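Asker: Here is a sequence together with a model predicted from it:
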Amino acid sequence: MATIKKKSKTGTNGNNHRRTTRKHSNPGIYTVPRGHVSIAVPAFWTLRQTNEDLEIEAPSGTTSVIVTAFKHDKNSGKPDAREFLTRFLQTAPHNGRTRIDKGTRQKASARFRDPDGDNWHVKFVSNGRTLLLATCNTSGPMTSREGKTGIEVLDSLKLKARE
(Lines give C-alpha, C1' and ligand atoms only; values in the text may rest on other atoms or scores of the structure.)
Protein backbone atom coordinates (compact mmCIF):
# COMPACT_ATOMS: atom_id res chain seq x y z
CA MET A 1 0.00 0.00 0.00
CA ALA A 2 1.25 3.44 -0.84
CA THR A 3 1.68 5.98 1.92
CA ILE A 4 1.14 9.66 1.33
CA LYS A 5 2.44 12.20 3.78
CA LYS A 6 0.62 15.47 4.11
CA LYS A 7 1.85 18.52 5.93
CA SER A 8 -0.65 19.82 8.43
CA LYS A 9 -0.95 23.40 9.54
CA THR A 10 1.33 24.70 12.23
CA GLY A 11 0.16 23.56 15.67
CA THR A 12 -0.41 25.75 18.71
CA ASN A 13 3.14 25.16 19.89
CA GLY A 14 4.62 26.37 16.57
CA ASN A 15 5.82 22.95 15.36
CA ASN A 16 4.93 21.52 11.99
CA HIS A 17 3.16 18.18 12.40
CA ARG A 18 3.04 15.49 9.74
CA ARG A 19 -0.03 13.40 9.28
CA THR A 20 0.10 10.13 7.36
CA THR A 21 -2.85 8.89 5.36
CA ARG A 22 -3.07 5.60 3.52
CA LYS A 23 -4.19 5.28 -0.05
CA HIS A 24 -6.52 2.26 -0.18
CA SER A 25 -7.04 1.98 -3.93
CA ASN A 26 -5.74 3.27 -7.23
CA PRO A 27 -8.48 5.64 -8.37
CA GLY A 28 -9.15 5.42 -12.07
CA ILE A 29 -7.70 1.90 -12.48
CA TYR A 30 -10.22 -0.76 -13.47
CA THR A 31 -9.29 -4.41 -12.93
CA VAL A 32 -11.44 -7.11 -14.51
CA PRO A 33 -13.09 -9.56 -12.09
CA ARG A 34 -10.53 -12.33 -12.80
CA GLY A 35 -7.81 -9.84 -11.81
CA HIS A 36 -5.44 -10.37 -14.73
CA VAL A 37 -6.24 -7.28 -16.83
CA SER A 38 -6.23 -3.66 -15.66
CA ILE A 39 -6.66 -0.37 -17.48
CA ALA A 40 -6.79 3.31 -16.48
CA VAL A 41 -10.12 5.06 -16.89
CA PRO A 42 -9.94 8.88 -17.11
CA ALA A 43 -12.34 10.99 -15.08
CA PHE A 44 -15.70 11.55 -16.80
CA TRP A 45 -15.05 8.88 -19.44
CA THR A 46 -17.62 6.07 -19.64
CA LEU A 47 -16.62 2.47 -18.87
CA ARG A 48 -18.72 -0.48 -20.01
CA GLN A 49 -17.80 -4.14 -19.69
CA THR A 50 -19.65 -6.60 -21.90
CA ASN A 51 -19.12 -10.34 -22.20
CA GLU A 52 -16.67 -9.76 -25.04
CA ASP A 53 -14.86 -6.52 -24.28
CA LEU A 54 -14.18 -3.37 -22.28
CA GLU A 55 -15.34 -0.09 -23.80
CA ILE A 56 -14.05 3.28 -22.59
CA GLU A 57 -15.56 6.34 -24.26
CA ALA A 58 -14.80 10.05 -24.03
CA PRO A 59 -17.60 12.39 -22.91
CA SER A 60 -17.84 13.89 -26.41
CA GLY A 61 -18.22 10.45 -28.00
CA THR A 62 -15.54 11.16 -30.61
CA THR A 63 -12.84 9.00 -28.99
CA SER A 64 -13.15 5.45 -27.70
CA VAL A 65 -10.90 2.64 -26.53
CA ILE A 66 -12.07 -0.97 -26.88
CA VAL A 67 -10.24 -3.96 -25.42
CA THR A 68 -11.10 -7.51 -26.50
CA ALA A 69 -9.54 -10.68 -25.03
CA PHE A 70 -8.81 -13.92 -26.87
CA LYS A 71 -7.93 -17.18 -25.11
CA HIS A 72 -5.12 -19.50 -26.18
CA ASP A 73 -6.38 -22.53 -28.11
CA LYS A 74 -4.64 -25.87 -27.48
CA ASN A 75 -4.65 -26.62 -31.23
CA SER A 76 -2.74 -23.46 -32.10
CA GLY A 77 0.61 -22.23 -30.88
CA LYS A 78 1.17 -19.51 -28.32
CA PRO A 79 -0.40 -16.21 -29.38
CA ASP A 80 2.16 -13.96 -31.07
CA ALA A 81 1.23 -10.26 -30.99
CA ARG A 82 3.18 -9.53 -34.21
CA GLU A 83 1.30 -12.22 -36.18
CA PHE A 84 -2.08 -11.01 -34.98
CA LEU A 85 -1.18 -7.40 -35.78
CA THR A 86 -0.17 -8.39 -39.32
CA ARG A 87 -3.46 -10.27 -39.85
CA PHE A 88 -5.46 -7.39 -38.38
CA LEU A 89 -3.81 -4.83 -40.68
CA GLN A 90 -4.48 -7.01 -43.74
CA THR A 91 -8.22 -6.90 -43.04
CA ALA A 92 -8.56 -3.34 -41.68
CA PRO A 93 -9.48 -0.71 -44.26
CA HIS A 94 -6.90 2.06 -44.19
CA ASN A 95 -5.82 5.03 -46.29
CA GLY A 96 -2.26 6.14 -46.66
CA ARG A 97 0.70 4.79 -44.82
CA THR A 98 0.38 2.56 -41.77
CA ARG A 99 2.94 3.23 -39.06
CA ILE A 100 3.95 -0.01 -37.35
CA ASP A 101 5.87 0.27 -34.10
CA LYS A 102 8.49 -2.34 -33.31
CA GLY A 103 6.85 -5.45 -31.95
CA THR A 104 7.66 -8.52 -29.93
CA ARG A 105 5.75 -11.72 -29.17
CA GLN A 106 4.28 -9.93 -26.14
CA LYS A 107 3.47 -6.48 -27.62
CA ALA A 108 2.89 -5.03 -31.07
CA SER A 109 1.17 -1.83 -32.18
CA ALA A 110 0.35 0.27 -35.24
CA ARG A 111 -1.29 3.57 -36.20
CA PHE A 112 -3.33 4.28 -39.30
CA ARG A 113 -6.20 6.30 -40.72
CA ASP A 114 -9.32 4.69 -42.17
CA PRO A 115 -11.22 5.79 -45.34
CA ASP A 116 -13.68 7.82 -43.21
CA GLY A 117 -10.79 9.92 -41.84
CA ASP A 118 -10.80 8.39 -38.33
CA ASN A 119 -7.45 7.88 -36.64
CA TRP A 120 -6.69 4.47 -35.16
CA HIS A 121 -4.05 3.18 -32.76
CA VAL A 122 -4.07 -0.61 -32.41
CA LYS A 123 -2.18 -2.59 -29.79
CA PHE A 124 -1.87 -6.33 -29.19
CA VAL A 125 -0.64 -7.58 -25.80
CA SER A 126 -0.01 -11.24 -24.95
CA ASN A 127 1.20 -13.23 -21.96
CA GLY A 128 1.36 -16.57 -23.80
CA ARG A 129 -2.11 -17.65 -22.70
CA THR A 130 -4.30 -14.61 -23.32
CA LEU A 131 -4.12 -12.11 -26.17
CA LEU A 132 -5.63 -8.63 -25.83
CA LEU A 133 -6.59 -6.48 -28.81
CA ALA A 134 -6.86 -2.84 -27.77
CA THR A 135 -7.96 -0.16 -30.22
CA CYS A 136 -8.17 3.61 -29.82
CA ASN A 137 -10.38 5.30 -32.39
CA THR A 138 -10.92 9.04 -32.71
CA SER A 139 -12.62 11.15 -35.34
CA GLY A 140 -10.36 14.04 -34.32
CA PRO A 141 -6.58 14.22 -34.57
CA MET A 142 -4.50 11.99 -32.29
CA THR A 143 -2.73 15.16 -31.15
CA SER A 144 -5.95 16.53 -29.62
CA ARG A 145 -6.50 16.31 -25.86
CA GLU A 146 -8.94 13.38 -26.20
CA GLY A 147 -6.69 11.60 -28.70
CA LYS A 148 -3.70 11.87 -26.37
CA THR A 149 -5.81 10.67 -23.44
CA GLY A 150 -7.00 7.70 -25.51
CA ILE A 151 -3.37 6.77 -26.25
CA GLU A 152 -2.56 7.05 -22.52
CA VAL A 153 -5.46 4.69 -21.76
CA LEU A 154 -4.07 2.24 -24.33
CA ASP A 155 -0.59 2.50 -22.81
CA SER A 156 -1.98 1.86 -19.31
CA LEU A 157 -3.28 -1.57 -20.34
CA LYS A 158 -1.68 -4.26 -18.16
CA LEU A 159 -1.90 -8.03 -18.55
CA LYS A 160 -0.52 -10.15 -15.70
CA ALA A 161 2.24 -12.55 -16.62
CA ARG A 162 1.34 -16.17 -17.13
CA GLU A 163 0.62 -18.01 -13.91
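Answerer: That came through, no problem.
Asker: how close does the residue lying closest to residue 42 once chain neighbours are set aside sit to residue 114?
Answerer: Distances taken as C-beta to C-beta, 6 or more residues apart in numbering put residue 149 closest to residue 42, at 5.4 Å, once the chain neighbours are dropped. Every residue, glycine included, has its C-beta placed from N, CA and C. With distances taken as C-beta to C-beta, to the nearest Å, residue 149 is found 20 Å from residue 114.
Asker: which one of those two has more residues nearby?
Answerer: residue 149 (20 against 14; other C-beta atoms under 10 Å).
Asker: contacting residues around the host helix or strand of that one?
Answerer: Using DSSP states H and E, residue 149 maps to helix 145-155. Helix 145-155 is contacted from outside by 39-42, 45, 56, 58, 60, 62-65, 119, 121, 123, 134, 136-138, 140-142, using C-beta atoms under 8 Å, 6 or more residues apart in numbering.
Asker: For this protein, just list every one of the strands.
Answerer: Remark: strands assigned in the chain by DSSP state E are 3-7, 18-22, 29-31, 37-40, 46-49, 53-57, 63-71, 95-101, 107-113, 119-126, 130-138, 158-159.
Asker: Now the ones you listed in JSON lines, please, with extra columns for mean neighbour count, mean pLDDT and distance to residue 86.
Answerer: Converted to JSON lines, the strands of the chain look like this (neighbours: other C-beta atoms under 10 Å; pLDDT from 0 to 100; distance: least, C-beta to C-beta, whole Å):
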{"stretch": "strand 3-7", "mean neighbour count": "8", "mean pLDDT": "39", "distance to residue 86": "45"}
{"stretch": "strand 18-22", "mean neighbour count": "8", "mean pLDDT": "46", "distance to residue 86": "46"}
{"stretch": "strand 29-31", "mean neighbour count": "14", "mean pLDDT": "88", "distance to residue 86": "29"}
{"stretch": "strand 37-40", "mean neighbour count": "20", "mean pLDDT": "92", "distance to residue 86": "23"}
{"stretch": "strand 46-49", "mean neighbour count": "12", "mean pLDDT": "92", "distance to residue 86": "28"}
{"stretch": "strand 53-57", "mean neighbour count": "19", "mean pLDDT": "93", "distance to residue 86": "21"}
{"stretch": "strand 63-71", "mean neighbour count": "19", "mean pLDDT": "92", "distance to residue 86": "15"}
{"stretch": "strand 95-101", "mean neighbour count": "12", "mean pLDDT": "87", "distance to residue 86": "9"}
{"stretch": "strand 107-113", "mean neighbour count": "19", "mean pLDDT": "94", "distance to residue 86": "8"}
{"stretch": "strand 119-126", "mean neighbour count": "22", "mean pLDDT": "94", "distance to residue 86": "10"}
{"stretch": "strand 130-138", "mean neighbour count": "22", "mean pLDDT": "93", "distance to residue 86": "13"}
{"stretch": "strand 158-159", "mean neighbour count": "18", "mean pLDDT": "92", "distance to residue 86": "20"}
